[in-house]
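Novice: After the sequence you'll find the predicted model.
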Protein chains: 2
Amino acid sequence: MSTITVPSHATSITDDVDQLHNAFSGFGTNEKLIISILAHRDAEQRKQIRDTYAATYKEDLLKSLDKELSNDFERLVHLWTLSPPERDAVLINEATKRWTKSNQVLVEIACTRSSHDLLLAKQAYHARFKKSMEEDIAYHTTEDFRKLMLPLIATCRYDGSEVNMTLAKTEAKILHEKIKDKCLNDDEFIRILTTRSKSQINATLNQFKNLYGEDIIKELEEDSKDEYTSLVRATLECLTYPEKYFERVLRLAINKTGTDEGALTRVVATRAEVDMKDIKEEYLKRNSVPLDKAIAKDTGGDYEDMLLALIGCGDQ
Amino acid sequence: MSTITVPSHATSITDDVDQLHNAFSGFGTNEKLIISILAHRDAEQRKQIRDTYAATYKEDLLKSLDKELSNDFERLVHLWTLSPPERDAVLINEATKRWTKSNQVLVEIACTRSSHDLLLAKQAYHARFKKSMEEDIAYHTTEDFRKLMLPLIATCRYDGSEVNMTLAKTEAKILHEKIKDKCLNDDEFIRILTTRSKSQINATLNQFKNLYGEDIIKELEEDSKDEYTSLVRATLECLTYPEKYFERVLRLAINKTGTDEGALTRVVATRAEVDMKDIKEEYLKRNSVPLDKAIAKDTGGDYEDMLLALIGCGDQ
């Protein structure tokens, strides 16, 4: 569930647009005003604001924001203001340009979006970059990484809830055998991860637990210093327990020496309107500290205010 | 361009539906009446007819047709009456159940449909079979065949016309090297075929010709008794010259001892509303005999009449 709070009364798009324009005018920028508007409008409202702003002031709102803001706050407001499909397209495009460290972002987007949302992101990618997501990902990866990542992003998974239990048992055995033999790059292993529906994979993981008494995701944890293994683990976790995956990304981003603002910004901007409520619960359970307290401790200024507003803990 | 002829005056859907129902009533079936209606309605009209028929007579038109008709004529009318995305979904599902001989159908659908049409077919597949096209194809193929076919069907290619000439040259060199070394299952070779846009691949094939004085598709012909090589060849031909590919499928289907009705029916049903005009021109150029004459010589009865109506050479 979403954590942003949107005014219960209908807001006027033209009012919002004029106020944003005022926030940019004169000496200095009124960051508080920007947060009070943009952090409290849903995707559809932000789209209307951006369209109306462009029609009124002949400039893309994102461009105006980039001129006025800076650093982490700018990045967060920019990502948040993009439509969700455009945002995913931008994140994937950036990831294909930075090798290895960013592979996790590709897995994250490929596995936590619905087929429909992934498709919209692909269309946004075509429109914006005049290429396909698949060709850029395939071009920038090699060997096992390409073998896993291309079908992961390319496949249009079935989103239904039907499950074939016999198949789940057979494929749990395949997964077990390949893990035992340390063959995580095996064709059949990758086929199961990249093509089965989320419900089917969840059933397979349950069968794995029933048959072998072990949690496959925990099983992979021991080896997770190896980058490929940790991507396989992220794949399975994103497909079946996205809130646990995102909790971990946030935990590692915050508890580091020096916050990883890139990860913190990405997770808050992409999940606030989706499942941030679940992620916050998961965070509290795992760390015994509420996420907002942890964020407030680690960040400051407008960046902190915007993050807290998006996770539903701001002042407004 | 399409070869079907649709009445220039607006037709009444309810009239069509009642006439079809009459065609099934009493002794015998009025096949001529069925052809005169269904072969002369476009996809949108056929959809409305099917919807209205179901609402009026509480039975799917396809079910009624299957009860009344038989053999090749039944198959042709059935495939034709399906919406294009459903038809592709059905053809792919059948192909995943019959090993090897049907791999060409998978390549054909993956490479001659636009990204948008392929996407609609995937959605129809989800709705009808409660699974994804990708998982069935991956499950029913192995080794090199899966390595080529899964990304071929999964990738959402960019449909735009922009071309990067430097890249075309680089990738033409890669293709040439891999063909020379007989490594058609090489990762890079497959990456280029399965992820680049049709315009980009066309530019790469032109660069190949400029650099090496050879046509890559002809180059692959010599080896085409090997099934994998012939699929690679079909891939490149479907991506760049679909009308040539379909001409060849028709030629081989007709000029065989014993017609290959499966292929003939499939090509006519899937291409009549798309590019059958180009395929007919290609056929005449290559065989010095018009396609309708060749079909009339090789087929008979209602099946012949329906085929000729769909390729725009019927009596009506």
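Specialist: Everything's here; your move. What you see is a predicted model, and the numbers here were worked out from it, not measured in a lab.
Novice: Okay, and A:Asp302 sits in which element?
Specialist: helix A:301-310 (DSSP states H and E).
Novice: ok, residues contacting that helix?
Specialist: For helix A:301-310, contacts defined as C-beta atoms under 8 Å, 6 or more residues apart in numbering or on different chains pick out A:3-4, A:31-32, A:35, A:39-40, A:69, A:71-73, A:76-77, A:80, A:261, A:264-265, A:268-269, A:272, A:276, A:292, A:295-296, A:299, A:314-316. (Glycine included, C-beta is placed from N, CA and C.)
Novice: PyMOL command for the buried members of these?
Specialist: A single PyMOL command selects the buried members of the contacts of helix A:301-310 (16 or more other C-beta atoms under 10 Å in any protein chain shown):
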select buried, chain A and resi 3+4+31+35+39+40+69+72+73+76+77+80+261+264+265+268+269+272+276+292+295+299+314
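Novice: number of nearby residues for A:Ser288?
Specialist: 7 (other C-beta atoms under 10 Å in any protein chain shown).
Novice: Quick check: it vs A:Lys182, distance?
Specialist: Distance of A:Ser288 to A:Lys182, given as C-beta to C-beta, to the nearest Å: 35 Å.
Novice: any low-confidence regions in chain A?
Specialist: A:99-101, A:223-224, A:315-316 (pLDDT under 70).
Novice: let's see it at 90
Specialist: The model of chain A has pLDDT under 90 over residues A:1, A:7-11, A:24-29, A:97-103, A:140, A:142, A:218-227, A:255-259, A:313-316.
Novice: Got the domain ranges for it?
Specialist: A:13-69, A:84-154, A:165-240, A:243-310 (automatic domain parsing).
Novice: out of those domains, nearest to B:Asn202?
Specialist: Distance to B:Asn202, taken as C-beta to C-beta, is lowest for domain A:84-154 among these, at 14.7 Å.
Novice: who touches the residue positioned nearest the centre of chain A in this structure?
Specialist: By C-alpha atoms, centre = their mean, chain A has its centre lying nearest to A:Thr270, at 4.7 Å. Going by C-beta under 8 Å, 6+ apart, A:Thr270 touches A:79, A:84, A:87-88, A:91.
Novice: So which residues of chain A form strands?
Specialist: With strands called from DSSP state E, chain A shows none.
Novice: Please identify the residues of it in proximity to chain B?
Specialist: When proximity is defined as C-beta under 8 Å from any C-beta of the partner chain, chain A approaches chain B at A:119, A:122, A:126, A:130-135, A:138-139, A:142-143, A:146, A:150-151, A:154-160, A:162, A:187, A:191, A:194-197.
Novice: Any quick PyMOL command for the buried ones out of those residues?
Specialist: Entered in PyMOL, the line below selects the buried ones among these, by 16+ other C-beta under 10 Å:
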select buried, chain A and resi 119+122+126+131+132+133+134+135+138+139+146+150+151+154+155+156+157+158+187+191+194+195+196+197
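Novice: Which ones among the residues of chain A next to chain B map onto helices?
Specialist: Counting by DSSP state H, the part of those found in helices is A:119, A:122, A:126, A:133-135, A:138-139, A:143, A:146, A:150-151, A:154, A:187, A:191, A:194-195.
Novice: neighbours of A:Ser25, just the number please.
Specialist: If you count neighbours by other C-beta under 10 Å, A:Ser25 ends up with 11.
Novice: what's the answer for A:Phe27, then?
Specialist: 4.
Novice: list the contacts for it?
Specialist: Counting by C-beta under 8 Å, 6+ apart, A:Phe27 has no contacts.
Novice: quick one, phi/psi of it?
Specialist: Main-chain dihedrals, A:Phe27, degrees, to the nearest 10: phi -70, psi 140.
Novice: how close does it get to chain B?
Specialist: 44 Å (C-beta to the nearest C-beta, to the nearest Å).
Novice: quick one: that residue and A:Leu20, what's the gap?
Specialist: 17 Å.
Novice: can I assume A:Leu61 is in contact with A:Thr52?
Specialist: No. Here A:Leu61 does not reach A:Thr52: they are 9.0 Å apart, not a contact under C-beta atoms under 8 Å.
Novice: Show me which of those two is the more surrounded one.
Specialist: Each of A:Leu61 and A:Thr52 had its neighbours counted (other C-beta under 10 Å), and the higher figure belongs to A:Leu61 (23 against 17).
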